[in-house]
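Visitor: show me how the following folds:
(one chain, ligands or ions: 1)
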Amino acid sequence: MAAEGIDTAKVRSLYERELETFRRERPRSTALRERARRSMPNGVPMAWMVSDNDVPVFVTEGKGSHFRDVDGHDYLDTNIADTSMFCGYAPPQVVDAVTRRVATGTQFLLPSEDSIWVAEELARRYGLPRWQFTLSASQANTEAIRVARAATGREKVLLFDGHYHGHFDEATVTLDSGEAAPFGRGLPHDVTDRVRVVPFNDLDAVRAALAPRDVAIVLTEPALTNNLGLQLPVDGFHEGLRAEARAAGTVLAYDETHTHIVGPGGCTARWGLEPDVVTLGKSIAGGIPLGAYGMVEALAGELELEGTGHHASEIATGGTLFGNPLSMAAARATLGSILSDEAYAHTARLGTRLADGIQAAIDAAALPWVAHRFGPRSGTTFAPALPRDAETSRRSWDDRLTRTLRLWLGNRGVWEAIAGAGPTMSVPADDDDVDRYVDAYAGLLAALTDRGSSG
Ligand code: PMP
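Guide: Predicted coordinates:
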């Protein structure tokens, strides 16, 4: 549970110093937070917003790859709202589309033609013919699970240790000392009965979990990008997973909410995956709320109502604002004119430069760490090799160091990705942004080790 090669006392004293500076230089954010505490738990609109931030800043505006806080600080944003703003702040295409839609009606509880365009485009990118829309990735996952349960007549969900798919009941089940356990309070005590959790990259464990033939769906990110850094699949893992799911009659679903940043069609297209379901959310509508799930014909058939004549066969899906025309207009603008092949190529090039810069800083400081490489996203494993499962990842996890890095970067105009994720270069980012991150990052490593360049 600590980074390799680092003096923990030094990390602690740097943390204290950076925290003091961060607070002192943000008097307006601090005052707003004090006022906000009286009307909102934790003084923020979503209590969780503080979990990662020693001092949450209040924001005024964003443009491109940067945002400003109420104290006038400019940040290069490498969190990009946990990838939901991968297209950057206020992209003109989305601003235009949304402005037009706001002026002509945002919601009718009836379809707009844009929804067809978006479904067709997602079908082209992900190779799955039929799509449904929600307002978030969590809701897309919730509905995908429900459709799989209806189709298979089974209840259980198979997830991988280290997963994140949202905060709905099943997705809160995690492994604690090898046993399934709910993460956090407020959950039904029997939630663990509905879920199995096995280590990522472990096909034997997958086979054993599917063997009772009671698993409706296996849901995973193609590479785990949440909570514990980056865990890439080993060779043959996805082929094996496909074969095991097919043999067991289990639906295979990939959650590409984060991983789509590697290219059009995400890892599904890039790695030639063959899912029955793909779920998406966050940045697909340029920051306007939208979730989506695509599926094979056989699963889509479960949702067809026409011809059944009654609602007894209906699967409980949907929400009043799901798939609304505003979200659809934003998604059409985003997919049609922002998330192009060129945009993905540009962010991948910046991501490679970022990873090279991080690795060079690590090497200059002679630390036994390794940079992540995942398209536009990088980051650091505080150990010599990338972990392939959550247990290995937990061993080098270092909360204090992660918080110190966030404060250090924040004090130097860089907003770091949330803990467990890594810095990502957004579509409007440029080479100067990469340099800004790497310079600040290298400065911290030099300060921690007295080696490398000081920043
Ligand atoms: N799936 C993945 C892979 C995610 O990373 C997240 C959010 N971090 C979600 C689903 C849930 O997204 P949301 O909170 O927007 O519903």
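
Visitor: who in this structure is up against the ligand?
Guide: Residues of the chain that fall close to the ligand, judged by C-beta under 6 Å from any ligand atom: 82, 136-138, 164-166, 221, 226, 255, 257-258, 281-282. (Each C-beta comes from the backbone N, C-alpha and C, glycine too.)

Visitor: what about 8 Å?
Guide: Contact residues, the chain versus the ligand (C-beta under 8 Å from any ligand atom): 82-84, 136-141, 163-167, 171, 221, 225-226, 255-259, 279, 281-282, 289, 291.

Visitor: select only the buried ones of the residues you listed in PyMOL?
Guide: Here is the PyMOL command that selects the buried residues among these (16 or more other C-beta atoms under 10 Å):
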select buried, resi 82+83+84+136+137+138+139+140+141+163+164+165+166+171+221+225+226+255+256+257+258+259+279+281+282+289+291
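
Visitor: looking at the residues of the chain next to the ligand, which are in helices?
Guide: Secondary structure assignment by DSSP state H places 137-141 of those in helices.

Visitor: any chance of those in a markdown table, plus pLDDT?
Guide: Shown next, in a markdown table, are these (pLDDT from 0 to 100):
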| residue | pLDDT |
| --- | --- |
| 137 | 98 |
| 138 | 98 |
| 139 | 98 |
| 140 | 98 |
| 141 | 98 |
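
Visitor: okay, residue 312: pLDDT?
Guide: What the model reports for residue 312 is a pLDDT of 53.

Visitor: the one 4 residues further on too?
Guide: According to the predicted model, the pLDDT of residue 316 comes to 92.

Visitor: ok, it - how many residues close by?
Guide: Per other C-beta atoms under 10 Å, the neighbour tally for residue 316 reads 7.

Visitor: list the contacts for it?
Guide: residue 146 (C-beta atoms under 8 Å, 6 or more residues apart in numbering).

Visitor: next, it: secondary structure please.
Guide: Three-state assignment for residue 316 (DSSP: H, G, I helix; E, B strand; the rest coil): coil.

Visitor: for the one 4 residues further on, same thing?
Guide: For residue 320, the secondary-structure state derived from three-state DSSP is coil.

Visitor: distance of it relative to the ligand?
Guide: 17 Å (C-beta to the nearest ligand atom, to the nearest Å).

Visitor: same thing with residue 11?
Guide: Taking C-beta to the nearest ligand atom, one finds residue 11 at 27 Å from the ligand.

Visitor: before we move on, what about residue 422?
Guide: Applying C-beta to the nearest ligand atom to residue 422 and the ligand gives a distance of 12 Å.

Visitor: the residue nearest the centre of the chain: what's it in contact with?
Guide: With distances taken as C-alpha atoms, centre = their mean, residue 258 lies nearest the centre of the chain, 4.0 Å away. The contact partners of residue 258, by C-beta under 8 Å, 6+ apart, come to 83, 221, 225-226, 282, 421.

Visitor: all helices for the protein, in order.
Guide: Under DSSP H, the chain gives helices at 8-24, 27-36, 92-104, 113-126, 137-152, 203-210, 237-248, 266-270, 297-300, 325-337, 341-364, 390-396, 399-410, 431-449.

Visitor: give the contact list for the residue nearest to residue 425 when sequence neighbours are not counted.
Guide: Spatial nearest neighbour of residue 425, excluding adjacent residues (C-beta to C-beta, 6 or more residues apart in numbering): residue 350 at 3.8 Å. Shown in contact with residue 350 (C-beta under 8 Å, 6+ apart): 376, 425, 429-431, 433-434.

Visitor: picking that back up, mind putting the helices of the chain into a markdown table with distance to residue 44?
Guide: As requested, the helices of the chain are exported to a markdown table (distance: least, C-beta to C-beta, whole Å):
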| stretch | distance to residue 44 |
| --- | --- |
| helix 8-24 | 16 |
| helix 27-36 | 7 |
| helix 92-104 | 25 |
| helix 113-126 | 32 |
| helix 137-152 | 19 |
| helix 203-210 | 38 |
| helix 237-248 | 38 |
| helix 266-270 | 31 |
| helix 297-300 | 38 |
| helix 325-337 | 24 |
| helix 341-364 | 29 |
| helix 390-396 | 27 |
| helix 399-410 | 16 |
| helix 431-449 | 25 |
